[in-house]
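>>> Sharing a model prediction with you, sequence too.
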Amino acid sequence: MPYLVECLASVEAQTIDPGRLEVIAVDDGSTDGTGEYLEEFAARAPMPVTVIRQENSGGPSGPRNVGLGKASGRYVFFLDADDRLGPEALVRMVAMADKNGTDVVLGKVEGINRTPPKSMWGKTLDRTDVFSSNIKFTLSAQKLFRRELLERHGMRFDESLWTGEDALFTMEAYLRADGVSVVADYPCYYLVGRDDGKHVTKSGSYTLRFDSARALMNLIAEMVPAGPKRDTLMIRPFLITLLPQFGPKYLKDSEEVRRHKFELAKPLMDAYWTPEVARRLRVHERLRLHLVAIGRPELLKDVVEFVKTKKKAAAVLEKRGTRVYLVYPHFRSREAGLPDSLYLAEPREARAFEGYREASANSFLRRAIRKVRRSLPTGGFAAAA
């Protein structure tokens, strides 16, 4: 409360036939009148509403699992009590799943006093997967899931995790799904920023973030063989969950916490940090994680301080502008001994710098031909047909 009032109003306003919809509301030991309001809503709502009241579980996994166990529809959608749905959200997402036979549907998310994920809403996609789109960057539970998929694989939220439990559940669903659809042309879900800032994802000890990263990395490793596909997915936990622990907040950490963060990160870096993951990141992201991987906290501090200033790194262009090195701290420092490759910008980042020329795909072939020509005796050669 009071967010629940608008949340339920958005459910009541759904354009889908109320006879096709069931609401299962789990009151997880609230003390603010939520339970009473749910009972009132159930008494007047045009669709069947089941209210379950239980002792507080401490996290969202338990209540979601209880609700999932009671669900009987073809699809389930997990709606957080402080958020709301667009009026046509359910009718559009169900239609998309029915049309394409897909097991998961993502509806466009917009933020209200909160920043939503953005990179996956470029276009509506009838059918895609987690490897060929940006859906890996939205792993919240607010998706439409085909219930048969969840039941077939016995999928439930991990109640041992206090944050990131939805990332684990959604990633598994992506990987097991027979196709994923994206509704990008209609705002299906409004992510509401609470005035008190008490979002579960923003609270709790840093150790919980490492628990979340470890669980997601292990799941990916269990379900996807080592190689480019696994590396593609590993970008998400490295970038979204692990890297922020070595961002500006790291500068405020005590030496003891910094040491502990390196200790927690080490087994994850040893197991899953690969050149292919590194290559796909921006220079400052790659550089920071590499310093964590090799255990160089004294160098990391300088890099984090530079990143915190939000200054644009200077660029060194070489090889006729086809290589752009970004001058973050310790670039070509003999004492640091870091390889130039850490500072080499990939094309998507290098394009922002004047003078950069993207190397042609056949430039290697042209160089090889020139080399052969130079080695030929004067007068060239004759080709016989």
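Sure thing, it's come through.
>>> partners of the longest strand along the chain, with directions?
When the chain is parsed with DSSP state E, its longest strand is strand 180-192. When pairing is defined by DSSP bridges, strand 180-192 lines up against strand 84-85 (antiparallel), strand 104-112 (parallel), strand 125-128 (antiparallel).
>>> now it: how far from the chain's centre is it?
Mean-position distance between strand 180-192 and its chain equals 16 Å (C-alpha atoms, centre = their mean, to the nearest Å).
>>> List the buried residues for it?
Of all the residues in strand 180-192, those buried under the rule 16 or more other C-beta atoms under 10 Å are Val180, Ser181, Val182, Val183, Ala184, Pro187, Cys188, Tyr189, Tyr190, Leu191, Val192. All C-beta spots, glycine's among them, are computed from the backbone N, C-alpha and C.
>>> now swap in stretch 157-177 and tell me
157-158, 161-175, 177.
>>> Over to that stretch now: how far is its first residue from its last?
End-to-end distance of stretch 157-177 (C-alpha to C-alpha, to the nearest Å): 17 Å.
>>> what's the average pLDDT for that stretch?
Averaged over stretch 157-177, pLDDT sits at 95.
>>> circling back to that earlier point, can you tell me which of the strands paired with strand 180-192 comes nearest to His153?
His153 lies closest, by C-beta to C-beta, to one member of the strands paired with strand 180-192: strand 104-112, at 12.7 Å.
>>> Which residues does that closest one contact?
For strand 104-112, the surrounding residues in contact (C-beta atoms under 8 Å, 6 or more residues apart in numbering) are 86, 89, 92-94, 96-97, 116-117, 120-121, 135, 138, 142-146, 149, 170, 173-174, 177, 179-193.
>>> middle-most residue in this protein, spatially?
Centroid-nearest residue in the chain, with C-alpha atoms, centre = their mean: Phe137, separated by 2.7 Å.
>>> wouldn't that one be in contact with Ser119 here?
Yes - between Phe137 and Ser119 a contact is recorded at 5.6 Å, counting by C-beta atoms under 8 Å.
>>> For the stretch 101-250 of the chain, which segments are assigned as helices?
Under the criterion DSSP state H, counting those that start in this stretch, the stretch 101-250 of the chain contains helices at 147-152, 165-176, 206-223, 228-236, 248-252.
>>> which one of those is the most hemmed in?
Stretch with highest mean neighbour count among the helices of the stretch 101-250 of the chain: helix 165-176 (a mean of 22; mean count of other C-beta atoms under 10 Å).
>>> check contacts around Val11.
Contacts of Val11 (C-beta under 8 Å, 6+ apart): Val23, Ala45, Leu79, Leu85.
>>> number of nearby residues for the spatially closest residue to the last one that is not a sequence neighbour?
The shortest distance from Leu85 to any residue other than its chain neighbours is 4.4 Å, reached at Ser10 (C-beta to C-beta, 6 or more residues apart in numbering). By the measure other C-beta atoms under 10 Å, the count of residues near Ser10 is 18.
>>> now do the one 10 residues further on
Using other C-beta under 10 Å, the number of residues around Arg20 comes to 14.
>>> How about the one 4 residues further on?
Summarising burial for Ile24: neighbours were counted as other C-beta under 10 Å, giving 20.
>>> Not counting sequence-adjacent ones, nearest residue to it?
Distance criterion C-beta to C-beta, 6+ apart; nearest residue to Ile24, sequence neighbours excluded, is Gly67 at 4.4 Å.
>>> I'd like to know how far the one you found sits from Phe353.
51 Å (C-beta to C-beta, to the nearest Å).
>>> between the contacts of Val11, which is nearest Arg214?
Leu79 (28.2 Å).
>>> residues touching that closest one, list them.
Taking C-beta under 8 Å, 6+ apart, one finds Cys7, Val11, Leu85, Gln142 in contact with Leu79.
>>> Which of these sits closest to Pro228?
Checking the contacts of Leu79 one by one against Pro228 (C-beta to C-beta), the nearest turns out to be Gln142, at 29.1 Å.
>>> Go ahead and confirm the closest one touches Phe78.
Yes - checked against C-beta under 8 Å, the pair Gln142 and Phe78 is within contact range at 5.9 Å.
>>> re earlier: what's the residue nearest to the centre of the chain in contact with, if anything?
Per C-beta under 8 Å, 6+ apart, neighbours of Phe137: Pro117, Ser119, Met120, Arg236, Ile240.
>>> filter these to the buried ones?
Here, 16+ other C-beta under 10 Å leaves Pro117, Met120, Arg236, Ile240 buried among the contacts of Phe137.
>>> what two of the residues you listed are the furthest from one another?
Met120 and Ile240 (13.2 Å).
>>> just to revisit the earlier point, what is the burial count for the residue nearest to Ile24?
18.
>>> For the remainder of this discussion, apply numbering that starts at 53.
Noted, 53 is the first residue going forward, which turns the last one into Gly119.
>>> Can you pull the phi/psi pair for it?
For Gly119, the backbone dihedrals are phi -60, psi -40 (criterion: degrees, to the nearest 10).
>>> distance of it from Thr222?
On the measure of C-beta to C-beta, Gly119 and Thr222 end up 16 Å apart.
>>> ditto for Asp263
Distance of Asp263 to Thr222, computed by C-beta to C-beta: 17 Å.
>>> Same check on Asn165?
Asn165 sits at a distance of 24 Å from Thr222 (criterion: C-beta to C-beta).
>>> Can you pull out the low-pLDDT segments for the stretch 103-252 of the chain?
Applying pLDDT under 70 to the stretch 103-252 of the chain flags the ranges 248-252.
>>> give me that answer again for 90
109-111, 168-169, 213-215, 245-252 (pLDDT under 90).
>>> Can you tell me the element the nearest residue to Val359 once chain neighbours are set aside falls in?
In space, and not counting its chain neighbours, Val359 is closest to His336: 5.3 Å by C-beta to C-beta, 6+ apart. Using DSSP states H and E, His336 sits within helix 335-345.
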